[in-house]
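Q: A predicted structure for the sequence below; I have some questions about it.
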Amino acid sequence: MAHAGSLTDRRPTRQIHVGDVAVGGGAQVSVQSMTTTKTADVEGTLAQIYALAAAGADIVRCTCNEAAAAEGLARIIPRSPVPIVADIHFHHEMALAALEAGVQGLRLNPGNLRKADEIKQVAAEAKDRGVPIRIGVNAGSLHPDLYARYGGATPEALVESARMELAYFAEVDFDDVKISVKASSVPLMIDAYRLASETFDYPLHLGVTEAGPPPAGLLKGTAGIATLLAEGIGDTIRYSLTADPVEEARAGRQLLEALGLRERKGLDLIACPSCGRAEIDVIAVAKAAQEALEHRNLPIQVAVMGCVVNGPGEAREADLGIAAGRKRGHLFIKGKIVRVVPEDQMVEALVAEAERLVEEGVEARLAAADDQAEAEAAADRADLLDAKGSDVNASEVAVELIRKRLDDAGA
Ligand code: SF4
């Protein structure tokens with residue numbers, strides 16, 4: 001992680017706690033997702049919560065839309081591996097019931113929970129129980145008065161909605177708050193969060209709402225969330241995908257790891273895009289390696305490279321990799337060739353080495369390298385360069401020829 005650098009500088013915010021997960025105030029950025037089961041279905045919801053936690057979710061939200069859901073929460077919470085936030089729309093009594101169930105956080109939508117006395121009652125009860133509330137503003141369900149006053153769901157209107165809710169909370173002396181100002185439009189969402197970050201010092205929960213199915217939904221979510229995170233804005237994130245929520249949790253985690261904001265927990269498989277030089281079907285081998293390694297949860301970076309000429313060098317930062325050439329695979333650790341295996345054993349050899357590497361460490365595995373491997377690999381590379389020529393050498397030869405021609409022509 002050579003270049004995490006300034007990305008890890010977060011804009012200062014207050015800190016709140018959702019159960020045992022700190023949000024804001026220098027805490028690591030957390031990942032959230034939401035269950036799609038009926039909350040009343042306790043076993044089904046718990047199974048999904050466990051799957052989300054395993055995929056990287058630090059906090060999980062469940063809807064609390066009816067009495068049976070609140071009762072479900074009361075049974076789910078003691079058995080959940082992560083803190084649970086209840087999602088509340090329209091009915092303040094569902095918020096009160098969720099508090100009774102023992103939730104570690106509430107999400108209120110100020111667009112559809114509008115009565116001041118009800119909002120204050122919920123905030124007062126949350127305060128008594130030490131439970132934080134997310135003010136979850138959504139461009140699609142903005143308070144109609146604000147919509148009219150601002151001529152639409154503008155960044156100013158979204159931030160004003162949060163500010164009005166905060167004013168109600170202040171009346172009961174409640175400030176255990178985080179804020180979201182989501183929109184399905186990425187530019188609107190980015191502008192709204194930038195304004196929210198200038199306006200408030202509460203932690204911000206980032207998301208592009210209703211982003212849709214992957215891959216477009218993933219791209220939209222990433223465009224919005226990553227842009228803001230790179231500016232130091234955002235304390236907790238959620239991808240909203242029309243997909244199995246496990247994909248949301250995984251994407252959230254992977255984004256934070258890619259930005260250097262969280263330590264790598266699982267496998268990071270990198271692969272070259274392949275080109276005319278490739279000696280194998282890189283896409284198929286990368287897919288086979290991903291499938292074989294994914295569930296093993298090894299916290300290493302593994303590279304699959306299409307040719308031995310450029311592969312080991314280009315992927316020298318990877319912990320482990322394999323490159324193909326002359327019907328063989330060159331297995332390398334930190335760019336050093338440790339073994340040469342037949343092409344049809346590439347994936348198998350990669351998986352076996354990955355497990356040993358995690359168990360024994362880089363030094364031990366480098367020490368256990370096959371003596372002949374470097375020499376065999378060098379011979380393969382030389383053969384391939386003879387057969388196909390090196391791009392770099394070829395271009396230098398061409399440059400010389402161009403110069404000579406221009407000289408001859410007296411240019
Ligand atoms: S590693 Fe080899 S096959 Fe893959 S993109 Fe680079 S040159 Fe092409």
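A: The structure has been received and is ready for your questions. Being a predicted model, the structure only gives us computed values, none of them experimental. Numbering: from 1, shown residues only.

Q: switch to C-alpha atoms for all contacts and neighbour counts from now on
A: Will do.

Q: What is the burial count for the residue nearest to Gly72 when sequence neighbours are not counted?
A: Using CA to CA, 6 or more residues apart in numbering and skipping the chain neighbours, the partner closest in space to Gly72 is Ala40 (4.5 Å). Per other CA atoms under 10 Å, the neighbour tally for Ala40 reads 22.

Q: In the stretch 101-250 of the chain, mark out all the helices, start to finish.
A: Along the stretch 101-250 of the chain, the stretches classed as helices by DSSP state H, counting those that start in this stretch are 116-129, 144-150, 155-171, 186-199, 216-230, 245-258.

Q: So which other helices or strands are in contact with the first one?
A: This points to helix 116-129. The contact analysis (3 or more CA pairs under 8 Å, 6 or more residues apart in numbering; DSSP states H and E) places helix 116-129 against helix 92-101, helix 155-171.

Q: Burial-wise, tell me which of the ones you listed comes out on top.
A: Most buried of the helices and strands packed on helix 116-129, by mean neighbour count (mean count of other CA atoms under 10 Å): helix 92-101, with a mean of 21.

Q: Any chance you could list what contacts that helix?
A: 64-67, 70-71, 73-75, 77, 86, 88, 106, 113, 118-119, 122, 125-126, 129, 131 (CA atoms under 8 Å, 6 or more residues apart in numbering).

Q: Which members of those residues are classed as buried?
A: Buried by 16 or more other CA atoms under 10 Å: 64-66, 70-71, 73-75, 77, 86, 88, 106, 113, 118-119, 122, 125-126, 131, out of the contacts of helix 92-101.

Q: show me the contacts for the residue lying closest to Ile300 once chain neighbours are set aside.
A: Distances taken as CA to CA, 6+ apart place Leu267 nearest to Ile300, at 5.3 Å, with adjacent residues excluded. By CA under 8 Å, 6+ apart, the contact set of Leu267 is 293-294, 297-302.

Q: Poorly predicted segments of this protein, please.
A: For the chain, residues meeting the criterion pLDDT under 70 lie at 1-6, 387-395, 411.

Q: Show me what from it comes close to the ligand.
A: 272-275, 277-278, 305-307, 310-311 (CA under 6 Å from any ligand atom).

Q: among the residues you listed, which are in helices?
A: Those of those mapping onto helices are Gly311, per DSSP state H.

Q: Just the closest residue of the stretch 101-250 of the chain to the ligand, please.
A: Pro215 (23.1 Å; CA to the nearest ligand atom).

Q: and that residue, how many neighbours?
A: 11.

Q: sorry, back to before: can I get the helices of the stretch 101-250 of the chain in CSV with distance to His330?
A: Formatted as CSV, those follow (distance: least, CA to CA, whole Å):
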stretch, distance to His330
helix 116-129, 59
helix 144-150, 61
helix 155-171, 53
helix 186-199, 43
helix 216-230, 34
helix 245-258, 27
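
Q: most neighbours per residue, which of those helices?
A: When neighbours are counted by mean count of other CA under 10 Å, the highest per-stretch mean among the helices of the stretch 101-250 of the chain falls to helix 245-258, a mean of 23.

Q: Now do it against helix 216-230, angle only.
A: 40 degrees (axes from the mean of the first three to the mean of the last three CA atoms, to 10 degrees).

Q: ok, back up a step: please indicate which of the residues of the chain next to the ligand are buried?
A: Neighbour counting by 16+ other CA under 10 Å classes 272, 274, 278, 305-307, 310-311 among the residues of the chain next to the ligand as buried.

Q: still on that earlier bit, now the residues of the chain next to the ligand in CSV, with distance to Asp173?
A: Putting the residues of the chain next to the ligand into CSV (distance: CA to CA, whole Å) gives the following:
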residue, distance to Asp173
Cys272, 55
Pro273, 56
Ser274, 59
Cys275, 62
Arg277, 66
Ala278, 65
Met305, 59
Gly306, 61
Cys307, 64
Asn310, 63
Gly311, 60
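
Q: and the two most separated of the residues of the chain next to the ligand?
A: Pro273 and Asn310 (12.3 Å; CA to CA).

Q: Strands - which of the residues of the chain next to the ligand land there?
A: Met305 (DSSP state E).

Q: list the contacts for Ala40?
A: Taking CA under 8 Å, 6+ apart, we find Ala40 in contact with 68-73.

Q: Closest one to the ligand out of those residues, please.
A: Leu73 (50.2 Å).

Q: these two touch, right, that closest one and Val103?
A: Yes. Counting by CA atoms under 8 Å, Val103 is a contact partner of Leu73 at 7.4 Å.

Q: Relative to the ligand, how far out is Leu99?
A: Remark: distance between Leu99 and the ligand (CA to the nearest ligand atom, to the nearest Å) = 55 Å.

Q: meant to ask about Ile333, not that
A: Distance of Ile333 to the ligand, given as CA to the nearest ligand atom: 16 Å.

Q: My guess is that residue contacts Ala364. True?
A: No. Ile333 is not in contact with Ala364 according to CA under 8 Å; the separation is 10.9 Å.

Q: Sweet, I'm off.
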